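K.L.:
Sequence plus the predicted model coming up.
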Amino acid sequence: MNFKLRIWRQASAESKGKLVAYEARDISPETSFLEMLDIVNDQLTERGENPIAFDSDCREGICGTCSLTINGQAHGPQHPAAVCQIYMRRFRDRETITIEPFRAKPFPLVRDLVVDRSSLDRIVQAGGFIGARAGSAPEANSIPVPKHNADLAMEAAACIGCGACAAACPNASAMLFTAAKVSHLAFLPQGAPERTLRVLKMVQQMDAEGFGNCTNTYECEAVCPAEISASFIAKLNREYGVARFRVSSGE
Amino acid sequence: MIGKLDGKIPPGPLEQKWRNHKNNSRLVAPNNRRKFEIIVVGSGLAGGSAAATLGELGYRVKCFCYQDSARRAHSIAAQGGINAAKNYQNDGDSVFRLFYDTIKGGDFRSREANVYRLAEVSNLIIDQCVEQGVPFAREYSGLLANRSFGGAQVSRTFYARGQTGQQLLLGAYQALCRQIMSGTVEMFPQTEMLDLVIVEGHAKGIITRDLCTGEIRRFAADAVVLATGGYGNVFFLSTNARGCNVTATYRAYKRGALFGNPCFTQIHPTCIPVTNPHQSKLTLMSESLRNDGRVWVPKRKEDSPKPPKTIPEPDRDYYLERKYPSFGNLAPRDIASRAAKEVCDEGRGVGPGGRGVYLDFADAIARLGEDTIRERYGNLFDIYEKITAENAYKVPMRIYPAVHYTMGGLWVDYNLMSNVPGLHVIGEANFADHGANRLGASALMQGLADGYFVLPYTLPNYLAGQIGKRPSIDHPEFKRVEAEVCARVKRLLDVNGNRTLTSFHRELGLLLWDKCGMARNAAGLREALGKIPELREEFWKDVRVPGEGETYNQSLERAGRIADFLEFAELMCTDALERDESCGGHFREEHQTPDGEAQRDDERFAAVFAWEFQGNGRVERPKLHREPLHFEAVHLTPRSYK
């Protein structure tokens, strides 16, 4: 297969970027999207040009490193999938494919298609944990957790932290990401003691990073490779409301 | 000079060694802990849990990872589960049985005392992870669920869907985040360790490169902990993440740390076969699938190209069930891999190129229904369909072995300290617990055992004598090593030849897969040992590394890693040649039983091979040190799963 590519090139955060045209020739349909870019990069290297910088690591959809916007869609045309799980058989021969980075103000650009998503780490650092010191945990089966709650916690915890939700959102909101983490811990009895402060601090950090608010466009859910349901955002709002109430009522 | 290797195994009966050792270990008082700076390189299960736990204890920790977030370390990709001797199923499990299965699974090439300790602390890990909010699978009663895994006859594996590694890593990452917030841990993502600094014989710092800016920096500490994972990517194609590399441990080796059993690599039996020549990595299908899937190939090679459903039952060879009736499809990884290679070598393999075997769920679906299978393995079936465009509920999966894990690593004693004082090595990066073959669901157990429950107790044995001995980063040794790192980066960029990094890495990988993969022999290893130096020489003459050193440069990152693989490969083949026996994943064709199983030679090889780097920058034959393995609690038997 052959493809025409339009790829975002930008040497650094300070410099100006633009879409540059490339060609990918004789690509087998069994080639993954990122392997197609590997081939293009090897050809650029052989021609003495700088290869295109793009992020990837596990290449099996779990580490959340890859972060491309393909033809305007975060992670590309196939859902649910991270871009590393997309194969060229998904595209038409001779198709023109536009490749851009994840775009959101809290994800400053590093180079070409690589962005800095440390803002997501800072949201977790603000409170997305349970303070469990090694050595002080009770026997694991001493607190039974209803299967339904454990399953819901797992559904939320499946988030791979890629940031596609914010990149797809017209408001660059990270509500789905934050909701997933808050919900994961709120569904478990172990998460209860820190529940109130956790949600308040995480939401505060989310706002401080410059992420926008949710206006229910559901773009986040549509692109999420881990199929995190937007209903967790409702859960986040409830958690937040209750926490605000508890704090304001002096609890 | 390195004298006789001392594993520092505590005296006393096996089941009391760890307790006695803890009682006799030194302590660092809380007010002194903040005077110590600890460098932890790597943020996976081992590094993340160690950094968080040491931070919680009050040490000042600096944690480094090459990924853009600590949460992306490759532990995240582990699917199947984590073992523990909880015996929640009442099926006869115990600490001793977990210990015995692990040491037998490793084909009696690991230390009894280390493995027993691992089994002992396994239960604490489950308690700890549940308390952190890891959403393990549960039964309707609300109690934790278990499943069985290869190489064991009890159900002791805890799991979170097929994403156990992800959930355990997020637990460790969240604990790490808490310490980052409270200021005890400083995190350095996108920062790669490029060398180790040894001052007056002690590991006291590292040299790093900031992958975003290219800045080379010096960091001093009171102790250095490497948790940098395995070296499976030396084979080019493996189930490892693209960035996984040997650089940190190999650089430490070049500075004097011994490398233990480098030829012990694990080829995992259930991976998706290679489909195209530009493939960049292989994907694992969790071993847990073998609980319900049946492995087969056609009995006659003429049937191989036929669609599987047209091959009637009597014409199928369920070779694992046939050869290993008591373990069947749950035979350990090394054995299942070799059996797959054997049937494919006979021409009975299936799929493109004939390098594949079927993993068939038809019987399980008929017995349990598609919904049950979907609940157990749904995400794995989805991954399979994404990659192959085949629906495994309808047609059998095709699988083939692939490089997955490396049991070898830097040599450490019972305190997890290498022969270089101050240099500690944990998780996959050390050689300690899995012998010549790792059982499924044991890697997660080891990484977290080391980080949460072993290193925090053993590190003070070193630190207690080190108050006030941290050198300044202006020490001449720091400047000297930094200059060497800078020179190496410049040299890589200056070659400016014609060949791409991929072409070198792929050529090396194919050579190793062929000569030092699932089956090895002396002639092939000698051939590889002849070719590797030639390839390395060509690399330094003809590689092209585009871009500059002072910017974000992914080619330069890869170049450094591939250059180290090109040296490390030689060490691996040297070790494989020297170990003139078969054991676990190390199958020397010269040494097999009449029915084709690995034939150990306990008389000569019940020992750890620890290699010492020789030469000043040149790669010469390393010096071998042997640490004999003594077995008191277990009897060395031929490892049978029949």
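P.N.:
Right, received. Where do you want to start?
K.L.:
CA only for contacts and neighbour counts going forward, please
P.N.:
OK.
K.L.:
who in the stretch 151-251 of chain A is up against chain B?
P.N.:
Proximity of the stretch 151-251 of chain A to chain B (C-alpha under 8 Å from any C-alpha of the partner chain) is limited to residues A:151, A:153-154, A:157-158, A:184-185, A:188, A:190-191.
K.L.:
Those residues in helices, which ones?
P.N.:
A:151, A:153-154, A:157, A:184-185 (DSSP state H).
K.L.:
could you redo the residues you listed as TSV and give each row neighbour count and pLDDT?
P.N.:
Shown next, in TSV, are these (neighbours: other C-alpha atoms under 10 Å in any protein chain shown; pLDDT from 0 to 100):
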residue	neighbour count	pLDDT
A:151	20	96
A:153	24	98
A:154	25	97
A:157	25	98
A:184	27	98
A:185	26	98
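K.L.:
Kindly indicate which of those residues lies nearest chain B.
P.N.:
Closest to chain B out of these is residue A:154 (5.4 Å), distances taken as C-alpha to the nearest C-alpha.
K.L.:
quick one, helices of chain A?
P.N.:
With DSSP H as the criterion, chain A has helices spanning A:33-46, A:118-125, A:147-157, A:164-168, A:175-186, A:195-208, A:219-223, A:231-248.
K.L.:
okay if I get the ones you listed as TSV plus distance to residue B:152?
P.N.:
Formatted as TSV, these follow (distance: least, C-alpha to C-alpha, whole Å):
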stretch	distance to residue B:152
helix A:33-46	38
helix A:118-125	38
helix A:147-157	26
helix A:164-168	40
helix A:175-186	32
helix A:195-208	40
helix A:219-223	40
helix A:231-248	39
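K.L.:
Just name the most buried of those helices.
P.N.:
Of all the helices of chain A, helix A:164-168 carries the top mean neighbour count, a mean of 28, counting by mean count of other C-alpha atoms under 10 Å in any protein chain shown.
K.L.:
Counting by contacts, list what that one packs against.
P.N.:
strand A:73-74, helix A:175-186, helix A:219-223 (3 or more C-alpha pairs under 8 Å, 6 or more residues apart in numbering or on different chains; DSSP states H and E).
K.L.:
give me that answer again for 7 Å
P.N.:
strand A:73-74, helix A:219-223 (3 or more C-alpha pairs under 7 Å, 6 or more residues apart in numbering or on different chains; DSSP states H and E).
K.L.:
how far out from the middle of the chain is that helix?
P.N.:
The chain centre lies 6 Å from the centre of helix A:164-168; the measure is C-alpha atoms, centre = their mean, to the nearest Å.
K.L.:
Averaged pLDDT, it. What do you get?
P.N.:
Taken as a whole, helix A:164-168 carries a mean pLDDT of 98.
K.L.:
Kindly report the residues of the stretch 51-200 of chain B close to chain A.
P.N.:
Residues of the stretch 51-200 of chain B lying close to chain A (C-alpha under 7 Å from any C-alpha of the partner chain) are B:53, B:69, B:72, B:74, B:76-77, B:126-128, B:130-133, B:135, B:138-144, B:174-175, B:177-178, B:180-181.
K.L.:
ok, now with 6 Å
P.N.:
Within the stretch 51-200 of chain B, the residues that sit near chain A (C-alpha under 6 Å from any C-alpha of the partner chain) are B:72, B:127-128, B:131-132, B:135, B:138, B:140, B:142-143, B:174, B:177-178, B:181.
K.L.:
with these in mind, which one is nearest to residue B:27?
P.N.:
Nearest to residue B:27 among these is residue B:128, at 22.5 Å by C-alpha to C-alpha.
K.L.:
okay, now the closest one: neighbour count?
P.N.:
23 (other C-alpha atoms under 10 Å in any protein chain shown).
K.L.:
per-residue pLDDT, it?
P.N.:
For residue B:128, the pLDDT comes out at 98.
K.L.:
Backbone torsions only: list them for it.
P.N.:
The phi/psi pair for residue B:128 (degrees, to the nearest 10) reads phi -60, psi -50.
K.L.:
Residue B:188 now?
P.N.:
For residue B:188, the backbone dihedrals (degrees, to the nearest 10) come out as phi -120, psi 80.
K.L.:
My read is that it contacts residue B:62, right?
P.N.:
No - using C-alpha atoms under 6 Å, residue B:188 makes no contact with residue B:62, being 7.3 Å away.
K.L.:
circling back: which one of the helices and strands packed on helix A:164-168 lies nearest to residue B:569?
P.N.:
strand A:73-74 (39.0 Å).
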